[in-house]
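Novice: kindly generate the corresponding structure for this input.
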Amino acid sequence: MLKQWKWLAMLAALAIAVAGCGAADEGNSDQQDGGAASEQPAQETPAEQPEAPAGETPTEEPAEEPAKELGVETGETVEIESEIEGTKEMVTVVEYTLTPYNIGYVLRDLLSAPKVENGQVVHTAKMGDYTASVRLEVKEGMSLDQAVEEARKSYADGYEASDPADIGTELNGYVGMVQGYQKDEQFHGFHVFDMDGDAVVIHHTYPYDAGDGMGAIMHDMLKSLKLEK
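Specialist: So this is what the prediction gives:
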């Protein structure tokens, strides 16, 4: 009987010891889990942008100025004296202004009201089987020589060229250059003037049999060119 009680006591003690070890293992596991959770890496904060030095403000690139768009304004209709085939007579002209450049000129009223086409102010008139035309453009900031070279490109295909000639200031106060061409029974050519740093280019086309009349018209127009205040 005594041996039996000792055996039961040993079993009870062993059960208590096993239960204690299990509880200790659970406690250690909880501590390990808690430790793992607390060791999560810290989130990185974004780097601060560098600030401009004290007393300095950020600079901005200047905006590009939009290109000027050529236009024309129609003014008064007036009479001027003109010389046609050696005879002086009064003729009717219309005053025009190229905008925004404030470049004024007059042109005989037999040519049409102006239209703006491909960056040029264009006047036309029907003359027999042909159409005469006067076309004006402004090359902003372009030198006289550069504008002449560019104008010549319009007459590179099959035109018979005359020698170029300088234009003195006695015509309208501005230096310039002229060159004429012939093709298909018509006179062609251009005049270029340096007007306050801008090149004004005037192209013309008219038939042979209108040479005297159109010559006088062109002379009156070129003489009238001026920068308006």
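Novice: what's the span of stretch 113-126 from first residue to last?
Specialist: End-to-end distance of stretch 113-126 (C-alpha to C-alpha, to the nearest Å): 13 Å.
Novice: quick one: that stretch to chain centroid distance?
Specialist: The chain centre lies 22 Å from the centre of stretch 113-126; the measure is C-alpha atoms, centre = their mean, to the nearest Å.
Novice: kindly report the same for stretch 190-198.
Specialist: Distance, centroid of stretch 190-198 to centroid of chain: 22 Å (C-alpha atoms, centre = their mean).
Novice: list the buried residues of that stretch.
Specialist: Within stretch 190-198, the residues that qualify as buried are F190, H191, V192, F193, D194, M195, D198, counting by 16 or more other C-beta atoms under 10 Å. Any C-beta I mention is one placed from the backbone N, CA and C, and that applies to glycine too.
Novice: what is the mean pLDDT for that stretch?
Specialist: Averaged over stretch 190-198, pLDDT sits at 97.
Novice: got it, and stretch 84-100?
Specialist: Here stretch 84-100 scores 94 as its mean pLDDT.
Novice: same check on stretch 106-123?
Specialist: Rounded mean pLDDT across stretch 106-123 is 96.
Novice: give me the contacts around it.
Specialist: Residues outside stretch 106-123 that contact it (C-beta atoms under 8 Å, 6 or more residues apart in numbering): 70-72, 74, 77-78, 80, 91-96, 98, 124-125, 132-137, 203, 217, 220-221, 224.
Novice: now do the end-to-end distance for that stretch.
Specialist: 12 Å.
Novice: so how far is it from its chain's centroid?
Specialist: 24 Å.
Novice: try stretch 83-96
Specialist: On C-alpha atoms, centre = their mean, the centre of stretch 83-96 falls 40 Å from that of its chain.
Novice: how many neighbours does the residue nearest to A147 when sequence neighbours are not counted have?
Specialist: Closest residue to A147 apart from its sequence neighbours, by C-beta to C-beta, 6 or more residues apart in numbering: A199 at 3.5 Å. Each residue near A199 was counted by other C-beta atoms under 10 Å, and the total is 23.
Novice: pull the contacting residues for A199.
Specialist: V138, K139, M142, S143, L144, Q146, A147, V192, F193.
Novice: measure the fifth one to V134 for me?
Specialist: Yep, that's L144 we're talking about. L144 sits at a distance of 20 Å from V134 (criterion: C-beta to C-beta, to the nearest Å).
Novice: the two: who's more crowded?
Specialist: V134 (25 against 20).
Novice: for K139, what are its contacts?
Specialist: Q146, A147, E150, D198, A199, V200, V201.
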